[in-house]
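Colleague: Sequence unavailable; structure follows:
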């Protein structure tokens with residue numbers, strides 16, 4: 001079961017990186033070019049929200065079934081987890097930063113909907129999606145991706 005979920009989580013992550021990158025670039029271009037907010041912009045930001053939330057749900061399942069997550073096994077103490085870079089990445093850093101990334105995507109999407117004109121809409125998306133994008137890229141376990 002774990003292997004199947006891990007494969008889904010890994011391949012869906014490529015889609016998340018691609019869509020969040022596109023949504024971030026789209027929001028930055030929209031903000032700096034002062035163009036009008038269009039339905040395409042809404043769909044791109046919404047799709048980024050959807051794919052990140054699906055990835056979060058898959059990640060929560062992985063967190064409880066992965067052999068790399070040892071919080072619940074009782075075999076490792078907190079000092080051991082925090083002292084080992086690999087264990088720290090999979091048990092603390094990756095889960096917390098990805099949750100924070102989803103929070104920023106959600107906040108940016110929610111705040112942009114309340115704005116009435118194009119520039120503030122793009123500004124909210126640009127700020128929050130860029131923060132989420134940087135956080136996401138900082139805590140991906142790159143060694144396992146390639």
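Modeller: Thanks, I have it. A quick note: this is a predicted structure, and the numbers were derived from the prediction, not measured.

Colleague: Show me where this protein has its helices.
Modeller: Secondary structure of the chain (DSSP state H): helices at 2-33, 39-65, 78-83, 85-88, 94-114, 118-138, 142-145.

Colleague: Nearest to residue 71, out of those?
Modeller: Of all those, helix 78-83 sits nearest to residue 71, with 7.5 Å by CB to CB. Where C-beta positions appear, they are placed from N, C-alpha and C, glycine not excepted.

Colleague: Just the residues contacting the closest one, thanks.
Modeller: Applying CB atoms under 8 Å, 6 or more residues apart in numbering, the external contacts of helix 78-83 come out as 70, 71, 87, 88, 91, 92.

Colleague: Tell me who's in contact with the first one.
Modeller: By CB under 8 Å, 6+ apart, the contact set of residue 70 is 76, 81, 87, 91.

Colleague: Nearest residue to the third one in space, ignoring adjacent ones along the chain?
Modeller: Read it as residue 87. residue 81 (4.7 Å; CB to CB, 6 or more residues apart in numbering).

Colleague: Can you read off the pLDDT for that neighbour?
Modeller: On the pLDDT scale, residue 81 is placed at 79.

Colleague: same question, residue 52
Modeller: 97.

Colleague: show me what contacts it?
Modeller: By CB under 8 Å, 6+ apart, the neighbours of residue 52 are 16, 20, 101, 102, 105, 132.

Colleague: Equivalent analysis for residue 117, please.
Modeller: Shown in contact with residue 117 (CB under 8 Å, 6+ apart): residue 37.

Colleague: Go again with 10 Å.
Modeller: 36, 37 (CB atoms under 10 Å, 6 or more residues apart in numbering).

Colleague: That one and residue 96: what is the separation?
Modeller: 35 Å (CB to CB, to the nearest Å).

Colleague: Could you do residue 129 as well?
Modeller: In this view, residue 129 and residue 96 are 19 Å apart by CB to CB.
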